[in-house]
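>>> attaching a predicted model along with its sequence, questions to come.
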Amino acid sequence: MKSTLEMPRQITVAITDGGGRGHAFANASNKSMRARKILCFKGGDGWGEHNGPFTSIQCFPDIDAGEVDKIIAESLKQNVDLLIAGQEIFLANGGADKARSAGIKVVGCSTEAARLETSKVWAKKFFKKYRVPTADYDVAFNLHSASLIVDYWFGIKKVEALVLKAEGLAEGKGVIIAHNIGEAHMAVLELMGEDSTFRKTYTNASLPIKP
């Protein structure tokens, strides 16, 4: 009897990312015999040059990971079988929920679950409620309260450092480690001050501070 080789069903994969994590997902998918086509929103320069023996990679530079409706529409048009959520903004904007509602399989959590990433304050409250080990923290809603918190932790509690985190989706850019009271006050201004580039770009909400 002759042996036969059955090729697995090939699928179209979509990746919502334009950075290193998305590139890693694309490279990994590119090595699979099952991935016939890989769509990247928005992908990056040179990604399409790494077409594999079984795969073609197509980037959509005009569609960002946060443009959920455009991604879902293009994915349906391209008959995407599996969508891999890369950047947090896709999840925060309801991408996984909407993709599943459209009948697309997704590697990524719901919008509600993504709050662990998109809201530092909500995450801290979640950890406390379910007794997940986490550092002590305070929350400041304005510059004055943030300054008082800094004075308390450095002046009274005598901590060696404070970690200041901005509320909201900062995609890894919202953390400052202050090693003394001066650095901490400067960090508060950087994150919450009226002229703060970070505040204008990412958030104007609260600021979890933990020792």
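Here it is on my side, so go on. Numbering: from 1, shown residues only.

>>> for the residue minimising distance to the centre of the chain, report the pLDDT, please.
For the chain, residue 88 is the residue whose C-alpha lies nearest the centre (CA atoms, centre = their mean; 2.4 Å). Confidence at residue 88, expressed as pLDDT, is 89.

>>> which ones are touching the closest residue in space to it that isn't next to it in sequence?
Spatially, and ignoring its direct neighbours in sequence, residue 88 is nearest to residue 117 (5.1 Å; CB to CB, 6 or more residues apart in numbering). From N, CA and C alone the C-beta is placed, and that goes for glycine too. By CB atoms under 8 Å, 6 or more residues apart in numbering, residue 117 lies in contact with 88, 91-92, 123, 169.

>>> what does residue 80 give?
12-14, 39, 104.

>>> part of a helix, is it?
No: the assignment for residue 80 by DSSP: H, G, I helix; E, B strand; the rest coil gives coil, which leaves it out of any helix.

>>> apart from its chain neighbours, what residue comes closest to it?
For residue 80, the closest residue by CB to CB, 6+ apart turns out to be residue 14, at 4.5 Å.

>>> is that neighbour in a bridge, and if so with what?
residue 39, residue 83 (DSSP bridges).

>>> hang on, it packs against residue 73?
No: judged on CB atoms under 8 Å, residue 14 makes no contact with residue 73 at a distance of 11.6 Å.

>>> which one's more surrounded, the two?
More crowded of residue 14 and residue 73, by other CB atoms under 10 Å: residue 14, with 26 against 13.

>>> sorry, back to before: now the residue nearest to residue 88. Its backbone dihedrals?
Torsion angles at residue 117 (phi, psi; degrees, to the nearest 10) stand at phi -100, psi -40.

>>> any idea of the pLDDT on it?
At residue 117, pLDDT is 83.

>>> what does residue 51 give?
68.

>>> just residue 173 next, same as before
66.

>>> before we move on, what about the one 10 residues further on?
With respect to pLDDT, residue 183 scores 93.

>>> what helix or strand is it located in?
helix 181-192 (DSSP states H and E).

>>> go on, residue 106?
strand 105-107.

>>> what is the rounded mean pLDDT of that strand?
Regarding strand 105-107, the rounded mean pLDDT is 95.

>>> what comes up buried for stretch 89-107?
For stretch 89-107, the neighbour count (16 or more other CB atoms under 10 Å) marks 89-99, 104, 106 as buried.

>>> picking up where we left off before, nearest to residue 48 among the contacts of residue 80?
Nearest to residue 48 out of the contacts of residue 80 is residue 39 (CB to CB; 10.6 Å).

>>> measure stretch 85-99 end to end?
This stretch, stretch 85-99, spans 10 Å end to end (CA to CA, to the nearest Å).

>>> isn't residue 100 right up against residue 106?
Yes: Residue 100 is within contact range of residue 106, at 5.7 Å (criterion: CB under 8 Å).
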